[in-house]
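Colleague: Build me a structure from this.
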Amino acid sequence: MSRVIFWILLIGLVVMAIRAKLKGLGARQQPPLHREPPPQAPLAEIETMTQCAHCGIHFPASEAVHADGHDYCSPGHVRLPPQ
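Modeller: Coordinates of the predicted model:
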């Protein structure tokens with residue numbers, strides 16, 4: 001009789017352990033209810049783009065080399081004719 005009680009208690013403990021494990025897994029899969037949004041980086045200021053008079057590449061206007069009313073991407077292109 002004591003063996004039967006032992007096996008019943010052992011099976012009950014195993015069932016309870018499995019239920020607790022499954023309940024813990026289910027709680028982890030659900031997203032948290034109150035979640036803070038990730039911090040956003042400040043937006044960078046939009047810079048005007050210009051085009052090189054010789055090669056046609058677009059680049060920021062702050063990096064332009066100005067000569068003869070044209071914008072160039074480098075001092076080397078200032079010496080070359082505009083296209």
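Colleague: domains of the protein?
Modeller: Residue ranges for the domains of the chain, per automatic domain parsing: 1-30, 49-78.
Colleague: Let me have these in TSV, adding mean pLDDT, mean neighbour count and distance to Glu36 as columns.
Modeller: C-beta coordinates here come from the backbone N, C-alpha and C atoms, glycine included. Rendered in TSV, the data for the domains of the chain read as follows (pLDDT from 0 to 100; neighbours: other Cβ atoms under 10 Å; distance: least, Cβ to Cβ, whole Å):
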stretch	mean pLDDT	mean neighbour count	distance to Glu36
domain 1-30	86	9	17
domain 49-78	93	14	35
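Colleague: where exactly do the helices run in the chain?
Modeller: For the chain, the helices defined by DSSP state H cover 2-29, 75-78.
Colleague: Can you give the distance of the last one from its chain's centre?
Modeller: Read it as helix 75-78. Here helix 75-78 shows a centroid-to-chain-centroid distance of 39 Å under the convention Cα atoms, centre = their mean, to the nearest Å.
Colleague: So which elements touch it?
Modeller: The elements that helix 75-78 packs onto, with contact taken as 3 or more Cβ pairs under 8 Å, 6 or more residues apart in numbering; DSSP states H and E, are strand 65-67.
Colleague: hmm, who's touching the strand it packs on?
Modeller: By Cβ atoms under 8 Å, 6 or more residues apart in numbering, the surrounding residues in contact with strand 65-67 are Asp71, Tyr72, Cys73, Ser74, Pro75, His77, Val78.
Colleague: hmm, 7 Å instead?
Modeller: Counting by Cβ atoms under 7 Å, 6 or more residues apart in numbering, strand 65-67 makes contact with Tyr72, Ser74, Pro75, Val78, all of which sit outside it.
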